[in-house]
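Student: Structure for the following, please:
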Amino acid sequence: MRLTSAYLNLSRHGRVIAHLVYNGRRYVAHKRYIEPEASGTIYFITIGDPTPQYVKIGYTSGKPEKRMSALQTGCPVKLRLFGHVPGGMDLERSLHMELANYCSHGEWFRFEGRVEEVVGSLLTCGGY
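Tutor: Residues are numbered from 1 along each chain as shown. Predicted structure coming up:
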């Protein structure tokens, strides 16, 4: 990860895997810089309705809907698939490191501040 005045590059082993640009209010992702050789999907599953309180940022090589269904089985509260983007484990690790200050437990993060900003930017530029 490298932060300059207007850019944030999420990188792994010296290779840029996501490129965010600060537009004066928030970071905005550029689609062409999101891991073009993605081997799977980075998913964002939230808890909290209608306003998300927590988000799980994870990787799956399968369908994110199937992963959410598996997680729902052992979870006492309703989960929601907030969205997903193409990506591999490198992007997942970089996101976890970048957002570590918001980590609640494991891959679950408080959905506020920088987490909301980064997830929103990634979904806006290349998400489903």
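Student: give me phi/psi at G120?
Tutor: G120 has phi and psi values of phi -60, psi -40 when expressed as degrees, to the nearest 10.
Student: Show me which residues of stretch 58-65 are buried.
Tutor: 58-60, 64 (16 or more other Cβ atoms under 10 Å). Every C-beta, even on glycine, is put in place using the N, C-alpha and C of the backbone.
Student: Return the subset of those residues lying in helices.
Tutor: P64 (DSSP state H).
Student: Between which two of the buried residues of stretch 58-65 is the distance greatest?
Tutor: Within the buried residues of stretch 58-65, two members stand farthest from each other by Cβ to Cβ: Y59 and P64, at 9.8 Å.
Student: what's the overlap in contacts for the two?
Tutor: Common contact partners of Y59 and P64 (Cβ atoms under 8 Å, 6 or more residues apart in numbering): 41, 43.
Student: Tabulate the buried residues of stretch 58-65 (CSV), appending pLDDT.
Tutor: Listed next are the buried residues of stretch 58-65 as CSV, based on pLDDT from 0 to 100:
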residue, pLDDT
G58, 96
Y59, 95
T60, 94
P64, 94
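Student: quick check, nearest of the buried residues of stretch 58-65 to L91?
Tutor: Distance to L91 across the buried residues of stretch 58-65 (Cβ to Cβ) is lowest for Y59, with 7.9 Å.
Student: who's the closest one bridged to?
Tutor: I42 (DSSP bridges).
Student: which of the buried residues of stretch 58-65 lies closest to R93?
Tutor: Y59 (8.7 Å).
Student: Go ahead and confirm the closest one touches F44.
Tutor: No - using Cβ atoms under 8 Å, Y59 makes no contact with F44, being 11.3 Å away.
Student: Need phi/psi at H84.
Tutor: When read as degrees, to the nearest 10, the backbone of H84 gives phi -160, psi 160.
Student: What count of nearby residues applies to it?
Tutor: 24 (other Cβ atoms under 10 Å).
Student: again, but for the one 3 residues further on
Tutor: Neighbouring residues of G87 were enumerated by other Cβ under 10 Å; the total is 24.
Student: check contacts around the residue lying closest to it once chain neighbours are set aside.
Tutor: Computed as Cβ to Cβ, 6 or more residues apart in numbering, the closest residue to G87 that is not its neighbour in sequence is I42, at 3.8 Å. Neighbouring residues of I42 by Cβ under 8 Å, 6+ apart: 57-59, 84-87, 91-92, 95, 122.
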